[in-house]
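Q: what's the 3D shape of this:
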Amino acid sequence: MKKFLATLLIASTVTTGASLIAPTQAHAAPEATIVSSVNFRSAPNTSASSLRFLKAGEKIQIISKVNDYWYYVQTTQGQLGYISTSSKYVKYAGAGSSTGSSGGSSSSSSSTVNKIISAGKKYMGTPYEYASDRSNTRTFDCSDFVRQAFKDGAGITLPSDSRGQGSYVKSLGHSTTNWRNLKAGDLMFFMDYKGTSKSSYPSNTSNQRITHVGIYLGNGQILHTYSKDSGGVRIDNIAGKHWEYRFMYGGSALK
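A: Here you go, the predicted structure:
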């Protein structure tokens, strides 16, 4: 997929160091609040360089727990780094599943979705490469990443490109053009990047070409990868961003 404007790619210097660490998955709710100013570091140790201090009241997402002392987190600006696990610095904003899924799915379907999302999150920070090799997990492009998450989490092998995946979802009759109607684990399909303004995008997307795909996490967030400079596999917010304006349709890839 085409590279985006440099102003959108704010996490590249952080994720270069962060992606060298392979933390274990956290079992707690991902949404958290900083309760006291805490050092936001480039690696999970006190000798690592400080990226900045996170201030009291800042919202973050806990991506994973490295060990008893360090969390791997993402800020609302998309920065990735490490903070202390101490409750004097961070407090969970609420309990619940990290997928943000709502009712309506069977327990078996919900379990599958959780496994797919967990499988995808294991690759946080994995470098982006256009037309990446589908036979390994050293790098991903957008559709390769989605394909691998479904393969690892549910044993499902999706088509290898985003347009093929989009056609597959439509063939199942699960698609919607309103991203707010999506459930956690659904796929999201996007047109080309045309800028940060809503007016740059057509209101009718039916004749647009799919150029990007990601996994919806619920709570207005997407798990995906889209350029080398953005830091590889990451989580982004959708609402009010170019992701919302570029969205074409989405839906479940599960039968």
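Q: all helices for the chain, in order.
A: Under the criterion DSSP state H, helices of the chain are mapped to 12-18, 107-121, 142-154, 162-171, 242-246.
Q: ok, residues contacting the shortest one?
A: Defining contact as Cβ atoms under 8 Å, 6 or more residues apart in numbering, one finds that helix 242-246 is touched by 4, 8, 179, 190-198, 200-201, 212, 222, 236-238. For every residue, glycine as well, the C-beta is placed using N, CA and C.
Q: and residue 48, how far is that from residue 254?
A: As defined by Cβ to Cβ, to the nearest Å, residue 48 lies at a distance of 40 Å from residue 254.
Q: Over to residue 114?
A: Here the criterion is Cβ to Cβ. By it, residue 114 lies 12 Å from residue 254.
Q: can you check residue 196 too?
A: The span separating residue 196 from residue 254 equals 33 Å under the rule Cβ to Cβ.
Q: Tell me which of these two has more neighbours.
A: Regarding residue 196 and residue 254, a neighbour count based on other Cβ atoms under 10 Å identifies residue 254 as having more, with 17 against 14.
Q: residues contacting that one?
A: Contacts of residue 254 were listed using Cβ under 8 Å, 6+ apart, and they are 109, 112, 113, 154, 156, 185.
Q: Going by neighbour count, which of these are buried?
A: Neighbour-count burial (16 or more other Cβ atoms under 10 Å) is assigned, among these, to 112, 113, 154, 185.
Q: Not counting its neighbours along the chain, what's nearest the first one?
A: Nearest non-adjacent residue to residue 112, counting by Cβ to Cβ, 6 or more residues apart in numbering: residue 154, 5.1 Å away.
Q: what does residue 241 give?
A: Nearest-residue entry for residue 241: residue 196, 7.8 Å, with adjacent residues in sequence omitted and distances by Cβ to Cβ, 6+ apart.
Q: ok, the one you found to residue 219 distance?
A: Here residue 196 is placed at a distance of 22 Å from residue 219 (Cβ to Cβ).
Q: which of the helices of the chain sits most buried?
A: helix 142-154 (a mean of 23; mean count of other Cβ atoms under 10 Å).
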